[in-house]
Each structure stands twice: as structure tokens, then as C-alpha cells.
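Q: 3D, please:
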Amino acid sequence: MCLATFFVSFFYSETYKGQPLQSINIALVCAVAMVPEGLEAIVTLTYSYAVKVMATQNAIVRALPAVETLGSVTVICSDKTGTLTQNIMSLTAFVTSNARYKNNVDANDRVPVNFVRDDTYLAERAVQDLKKSGEQILEDGPNNPKGRRGHDPSFHFTTDSLHTTEQGGADAAKPASDDGFPVKNGESPDKEWIQSALSCGVLCSKCVLGEGGGRAGEIGNPTELSILRASYFAGVDIEELKNDCPIVAEVPFSSEYKFMATIHEPIASDKAPEGKFIAYVKGAPDRMVKQCKFQAKGGVSGEENAEPINEDYWIEQIAILSSHGLRVLGLCRAFVDKGSIKPGDQLGQEFVNGRPEGKWLTMVGLCAIMDPPRPECVQAIKEAHGAFVRVAMITGDHKDTATAIGHMLGIVDEKFSEAVTGPELDAMSDDEIRKCVLTHNVFARASPANKIRIVKALQAEGQVASMTGDGVNDAPALKAANMGVAMGKEGTDVAREASEMILADDNFATIVYAVKQGRVVWDNLRKVLMVNTPINNAQGMSVLIGLLAKLPSTPISAIQILYSNFICAVTLGFVTAIEPAEDGIMDIPPRRVGKRLIGRYLFLRIVLATSVLTGCVVGSAVIVDQMGINAGLDTEERLYKIRAVSFNVLDFGACSVMMSARFSYNSSIHPRVFMGNPAALISIAIVAVLQVMLTYIPGLNTFVFSMKGMDGYGWLLTFISMVIVFIIMEIEKAIRRRLKASGADTDDREQGFFDSQVVPAGNESMKLPKGASKLNLQELTH
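A: A predicted model of the protein is given here:
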């Protein structure tokens, strides 16, 4: 372009013909105009602004290029505990002899209506366990005595066996007939019933509930605390209940017999006979059933509501709840003579399971407990799926627990219906695991080594994987992933150092937000190019075309070009760099790896904008030069008027390019053009004020910018040029919208001429990182 400008000036222009120094000067002006000196700075500012925005939403990016990677992520591999779930064990359901109660685990108000009778809730075995025996359900569920892979179970009341009696069967396992006792289906029980039903879990416990029912300051086992928390949010005064019913004696918990018991002074609601203490026994549900002679009808206290126990019913309920990945705890009670116990006694297990009369307890109900999903994660996963991003869950927890959580989150569906376990992955070849990672979204009982193989397999299949982790042993997987994400609250320093991004809130929804921002950054970088490149090109092209049009000199002076470069980059260019997410940005597939910023359609847009803006600048200059009212002016005066109009047409036309480029597809001929980004209108106001000042301030306009104040005709040309540029760019967008609707790749997503070719890695890439075999990787705890 510079050479072309030099030759045109030296050999063709009437003004500079045969003048080498002047021609070289004009060629250098063209070079200054077309080289985007500020582009590198504006790209860095774009990344920096995105990092700042993400930091306000708890996503801390440790390296600027990682922002771009986020927009290409196709699979998010996430831990379960604390990331997809709340990391708070919660009582989700309570099963009595004839009813099921659903507890709202997300409630913040302390009201009894948090419990609602819903006899359809968790009333059947999970689909994946319909054909399994009780022992198989136990093997895959959270009540397995083996605990989660790699560490001792935090749930101490595990189940040993789920065998039914000889008289058992489908009919025997059904609940008693429903007579609406104590409340009808769909209704909520009162606080007194909840307190009575859950008093065993509250009183037969040494746990201390955290402040306001939360985790801060809590003491004790998370599973036991869940019952206290459910009672608290149902309106029960925990401290008052414990003060009214002090412990008289107790049977401490032991993993040998898997229950604990406490003896208390009864209160009126217990309906205890005269001269009796009330005994509360809480433990592994299968063992509790074996010690029960009665069941409390509807969970209501009092000897008049005690009926013979249906063991098969309770065993089946344990199996049903276990199949849904729930921890199950049995709550029982009975009355004992006051004379048989001395206050302060430390009783042995025989007090419960070695009594002369044999079975003697009354089963009140089963507590179904789990770490529930974060409510915001359900919507975040739905948004990720809408953006064609898969979500995989990798956990050390049991298969049924992982599957149940996956169902609740929307990770498990008809296409990805089953979970695969770490031991199963260990037994697979590289080819088998590559197929496995494309057909499974849930990986249970997984180890850190499994994490690395999963990442490598996904990458071998051409996927861009994001991996979360918090432990020291997760570091290799975080390094291997395209986007390693460490936990800010629970994570280790080693995991953070190995990652590209840190979640300050340990929340999966933050990852999806970051992916969205990664797409926004890519989109905005293309918009920056759409604004800056045509403006720079038009400045240089205007010089060349102006000389070809036989103008007295260049339509724009060197100082005007330098000013336009500066003001457009600082104001108009930066506006598109901070543009918020456009509607529909999470409704399209991720960007392909190896894609360049400039694709076919963006290139055509840049060419079109350059041509239109150049045509308006040179066209307005020619019109001013040929106007009859300027015929009597000398060459310098005429040139000053030409440059005044051309200068304003260029910069105000640039404003039109910016306003159109703010939306990649959506029309800018809409009220939305005035909303969403206040910087857009502010930048136009700044440009307009400065243009008027430079045009009319005496001395500044003539001696510095080589122009004079414009008349009304010049402003009319400027306004018409603005409209022409804006309308043509909007027509181009309308055409692209129609092409996109017909299936054309107007997003430049397919591999094209401008893109680098990226070949998916083969099996060689699936090997563990060098030295990883010496890490002695421990099992996952989440």
C-alpha cells in the first residue's frame, strides 16, 4: 500500500508529481494510518477487563491467555462435593410407617411447612437399581461399610445387610393403608409432630449446630448434624429441647455395633407412662429394624400408636433410599423403668441388643440424608448444555450417590444414563477409555490417576477439557487439562499453582460464568478488529484514492490521521472491548481450537466497512472540491475545507462502524443500541465534542490540523455519510442473519483458510505426565 501510494504520488498526482521527498512523506503518512499501533494494547486491555469482571464473580484467572481458552471449552470435568453440591449434609426425606415427608433443604425460613408429605417422593427404587438385589444396591450405595474409595467413611451408621424375611415379598413391603394420619398427602405436619418424630436424632447426639443453622461453629458428625439442621429450620428450639430433656444415661457409639442410645427424662409430648424414662436409639437402619418389636403409626408418639413392625417394609425402604444415593439412619425409641437406670450410667451395647425380652424398640422413621446439589448449579448445567458444553462429574463417592446427584443436576440423562467407576477405568485399555469418556458423564470412586487418564482421553478425542481439583494429588490432572480450575476455599496451594483459574467460592456455576466470559472476550476481540481495522484501513486508503481522484492534496493530513488513530483506539475501540455478553452467546457451540480471530465473514465485513468508509471520505472530499461556491477559492483555502469535511466524515463514520459492530448479529436499529454499555454513548459524545472543538477553535484548526470551520453543507455531508455507513453495515448483518438461518457458517466456526490445522492427540498423549508414576497418588476425598 505504501509503495502504491508513493508511485501514485510521484508519477500520477498533479501536485506532487516528480517530487520524491513529498511522495515519500505521503507514503509514510499512509503507513502510519494503516498500521494498528494500538491494537496490541487494546487486546491486552480486553483481556485485563475480562479478568477484572470475572474476579468480581469469584473466578480468578492466573494467566491472561487462559481467558481465551475458556471460550473453547467443550467438556467441564468437575468434582462433586462442595463444587456441584453444597458440602452440607442435609435431611432430604423422612419415612414413617405410612408416609414420606420431603424436606426443603434450600429453605431459609424456620417454619414447619419446610416438611411436606409427598408419598410419591423417592417411593420407588432408582431406575438403575430396579433389577438389583438388596446386596447389590448396598455395594454401590453410600451405606456400604467399605466407605468411599481411599478413606474411611464419614458415615459411621453403615448398613451390613438388606435381606428380607422369609415371609417377605412385594406385598409385605408395602406401607400400611393411608388414612391421612397424621396429615393428608400434600399437607405439612405441625411443629410438635416434627419435634416428636426427630427428637431421637436431636437428643441422641452430642453435636452442636452452627450459628443460624449453618456450618460456622458447628461441632460433630455432618450426618448427625443434618437432623439437627432440619429440626432447626422446621422451627424446633434445639437448645430448649435439650434443656427440657437432659441425658440421664447413654450407650456410646461404637463402629462394632453401629448405634448409640441416650436415656432422658420425658416431656409431655412423649406420652410416657408413669415412672418411665424414654430411651432414644439411633443407628444403622438394618440393625435397628432387627431390634424393633413395634413401629410408630405415622411416626406419632404414644403407646396407643404402636403397632407390630413390618420388617420387610422397612428393609425395602432402606433399599429404595440407598438406591437414590442417600445415607439412611434409623430412629427408634422405647420406655424403660426409672429404677433400672442410675443417672450418669455408661451403659453397654447389651442395653439395646441384649435385653431378656428380645426385640423391644419402636421404629419411628428413617432419615434419608445427602449432600444436596447447589440450586444454582442446576441452572448453570442447563446453560452449559445449551452452549453445547458437556458436564462430567468425577467423584470418589459411591456409584449410586454419584448417579443420584447426576440425575438431580441433569448430568445423567437418556444419552449418558450410567456411571462408571474408578476400578472399571483402571481395567480399561487406552482405546476403551477413549470410548468411555464419550459415553459417560459420571465417574464414581475415581482416583487422581483416573482424572489424568480421563483428561488425556478427552483430549485424544479432540475435546477441550476443563478439570477441577483441590488436593495436592490433583495437580497433575490440573496441569494436563486445557483449563485447570482449583478451589479457592478448600484447595491446596499446590493445586492453585498448577491451575489457570481459581474459584474463590468453590462453585461450579462460577465455571460456567467464566466460560461465558471467555466467549464474550473472543466475541469482543473480533468486534475490536471490526472497528479498528476498517478505520485504520480507511485512513490509508483515503490518502491513496484521494490522490487518484486528482484532489489538490491528500484529503486527510498526517496530524489528522495520527489524531484519528489515537481517538478511535482509545474511545471507539475500547467500547467494543468491554461490550457485555450479546444475546444468544451461550446458544452456540464452542469455538474450534486453532481458529483465528479473522475468518472469512469477518474479513468480508472489514473489507466492506473499509470500502464504505473510504468511499464516504473521498466522495465527500470530491464533492467539496467540485462545489461551485468553492471555485473562487485558492488551492490552500479549498484544501482546508476539503480536509475539514473529510476529517469529520472519517471520525463520525467511525462512530457508525462502532455502533453497528456492537452487535455481531442483532440489529443495531433497535433501542438496545442505547442500552447495555454506557461507554458507547459516552465515547461518541467525547468524539463529537472534540471534533467540534478541533474544527472551530481558531489557530488549532488551521495551524495544527490544516482545516477551517465547516458550514452547514459540510455538516450535512458528514451526517449523510454517517447514515450511509450505518445502514450499509446493518444491511450486511441482515444478509448474514438470513444466511445463518439457512445453515451457512457465518460464525466462521468451521476450519477455514485463515485457521491453523489442529490434529487431535493420539494414544501417546494419554500416558501419565513424566514423573507422575512416582507421586504415589492418593485416592480422591471428594
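Q: where does the stretch 501-650 of the chain dip in pLDDT?
A: 628-632 (pLDDT under 70).
Q: 90 instead, please
A: 526, 529, 532, 536-537, 539-559, 561-578, 581-585, 587-603, 624-639 (pLDDT under 90).
Q: What segments of it are strands?
A: For the stretch 501-650 of the chain, strands defined by DSSP state E, counting those that start in this stretch occupy the ranges 501-503.
Q: can you check the stretch 51-200 of the chain too?
A: Counting by DSSP E, counting those that start in this stretch, the strands of the stretch 51-200 of the chain are 59-61, 75-78, 90-95, 100-103, 115-117.
Q: Quick one: find the helix or strand in this protein with the lowest mean pLDDT.
A: helix 134-140 (a mean of 62; mean pLDDT, DSSP states H and E).
Q: before we move on, the earlier item: same list, the strands of the stretch 51-200 of the chain, but as TSV with mean pLDDT please.
A: What follows is the strands of the stretch 51-200 of the chain, written out as TSV (pLDDT from 0 to 100):
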stretch	mean pLDDT
strand 59-61	94
strand 75-78	94
strand 90-95	95
strand 100-103	96
strand 115-117	96
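Q: wait, which of these is closest to Ser656?
A: strand 59-61 (33.9 Å; CB to CB). The C-beta positions use only the backbone N, C-alpha and C, and glycine is treated the same way.
Q: Identify each buried residue in the closest one, please.
A: For strand 59-61, burial by neighbour count (16 or more other CB atoms under 10 Å) applies to 59-61.
Q: Quick one: list the elements packing against that strand.
A: helix 39-56, strand 501-503, helix 508-548 (3 or more CB pairs under 8 Å, 6 or more residues apart in numbering; DSSP states H and E).
Q: for the strands of the stretch 51-200 of the chain, which one sits closest to Ser611?
A: strand 59-61 (38.2 Å).
Q: Just put the helices and strands packed on strand 59-61 in CSV and tack on distance to Gly302 and mean neighbour count.
A: Below are the helices and strands packed on strand 59-61 laid out as CSV (distance: least, CB to CB, whole Å; neighbours: other CB atoms under 10 Å):
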stretch, distance to Gly302, mean neighbour count
helix 39-56, 56, 17
strand 501-503, 51, 26
helix 508-548, 46, 25
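Q: so which of the ones you listed gets nearest Tyr280?
A: Of all the helices and strands packed on strand 59-61, it is helix 508-548 that lies closest to Tyr280, at 38.1 Å by CB to CB.
Q: Taking helix 39-56 as reference, get the angle to the closest one.
A: 160 degrees (axes from the mean of the first three to the mean of the last three CA atoms, to 10 degrees).
Q: Show me the shaky parts of the stretch 1-150 of the chain.
A: For the stretch 1-150 of the chain, the ranges with pLDDT under 90 are 1-47, 63-69, 71, 80-82, 86-88, 106-107, 125-150.
Q: cool, the stretch 151-300 of the chain as well?
A: 151-181, 206, 210-217, 221, 254-257, 267-272.
Q: Recalculate using a threshold of 50.
A: Low-confidence regions of the stretch 151-300 of the chain, defined by pLDDT under 50, span residues 151-152, 166-170.
Q: related to what we said a few turns ago, for Lys359, which of the helices and strands packed on strand 59-61 is the nearest?
A: Closest approach to Lys359 among these is made by helix 508-548 (46.4 Å; CB to CB).
Q: Throw the helices and strands packed on strand 59-61 into CSV and include distance to Phe705, thanks.
A: Below are the helices and strands packed on strand 59-61 laid out as CSV (distance: least, CB to CB, whole Å):
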stretch, distance to Phe705
helix 39-56, 24
strand 501-503, 47
helix 508-548, 14
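Q: Alright, that wraps it up for me.
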